[in-house]
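*Asks:* Whatever this is, show me its structure:
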Amino acid sequence: MLPLAIDVGTLPVALVGHGPAAWKRLTLLQEAGAGALELYAPDGDPSLLAAGALHGMPSEHQLAGLSLLFVAGIDLGRATPLARLARDYAVLVNVEDVNALCDLHVPSLVRRGDLVVAISTGGKSPTLAQKLRSWLESQLDQSWGEHLRELSDLRERLRASGFAPDAVRAACVKLIEEKRWLPTNLREQAGLVGRPTASGEKS
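*Replies:* Numbering: from 1, shown residues only. Modelled structure (predicted):
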């Protein structure tokens, strides 16, 4: 598997589904900023219809224009030919809990603002991925979104001022050091403990 972060803001994406599984996928896509999302509710799921879904399956023409297709909560008798037809048009497909029909897997995600940590088992154990996600959520509170914004602002200011990439990286490392955002054991592993800070004290 090749882990990728895909910007779905402008890509044509479709979700075909029913029930809680489909709603979970819809929530995930909305949180990811999917801006060209087509919804299909072949079984007339009321919540999906209320969200703007079409009552039915996508046509071959509609499939041909997609980049990504997600299928959740419908039977294999319909999911299988749908996935195969989409693949004929080079559409990447994810059918929930059916590895043979997945060109990509959706990882468990921890979101803290623009900071996203993804955990994937390649579809082999979603339970393990969920457990690891829960643990990471307990370790990374909401302040990490602000930490990232602070680093991003520093990086952009330095780049705009013409600093070389190595100098920008060093400044970001220094900020992480001085703020002591990482627990001591992780700072030790990253080689941050023992370095002098701007005040001259060792971190």
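*Asks:* the bottom helix or strand of the chain by mean pLDDT?
*Replies:* helix 184-189 (a mean of 66; mean pLDDT, DSSP states H and E).
*Asks:* how many other residues sit next to S134?
*Replies:* Residues contacting S134 under the criterion other C-beta atoms under 10 Å number 11. All C-beta atoms are positioned from the backbone trio N, CA, C, and that covers glycine.
*Asks:* Where does pLDDT dip in the chain?
*Replies:* Residue ranges of the chain with pLDDT under 70: 185-203.
*Asks:* ok, now with 80
*Replies:* The chain contains residues with pLDDT under 80 at 1, 184-203.
*Asks:* Now do the strands for it: every range, in order, please.
*Replies:* Ranges of strands in the chain, per DSSP state E, are 12-17, 36-40, 68-72, 92-95, 108-112, 115-119.
*Asks:* contacts for the second one?
*Replies:* Strand 36-40 is contacted by residues 8, 10-17, 26, 29-30, 48, 51-54, 56-58, 62, 66 when judged by C-beta atoms under 8 Å, 6 or more residues apart in numbering.
*Asks:* Tell me the buried residues within those residues.
*Replies:* 8, 12-17, 26, 29, 48, 51, 53-54, 58, 66 (16 or more other C-beta atoms under 10 Å).
*Asks:* Relative to D97, which of those residues is nearest.
*Replies:* G17 (12.1 Å; C-beta to C-beta).
*Asks:* how about stretch 27-36: buried residues?
*Replies:* For stretch 27-36, by 16+ other C-beta under 10 Å, it's L28, L29, A32, A34.
*Asks:* Same check on stretch 79-99?
*Replies:* So stretch 79-99, judged by 16+ other C-beta under 10 Å, has buried residues A79, L82, A83, L85, A86, V91, L92, V93, N94, V95, E96.
*Asks:* Stretch 110-130 too?
*Replies:* V110, R111, R112, V117, I119, S120, T121, G123, P126, A129.
*Asks:* which residues touch N94?
*Replies:* L68, L69, F70, V71, C102, D103, L104, H105, V106.
*Asks:* Return a ChimeraX selection command for the buried portion of those.
*Replies:* A single ChimeraX command selects the buried members of the contacts of N94 (16+ other C-beta under 10 Å):
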select :68,69,70,71,102,104,105,106
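*Asks:* Need the contacts of N94 in TSV (columns: distance to E38).
*Replies:* Shown next, in TSV, are the contacts of N94 (distance: C-beta to C-beta, whole Å):
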residue	distance to E38
L68	10
L69	9
F70	10
V71	13
C102	19
D103	18
L104	18
H105	21
V106	18
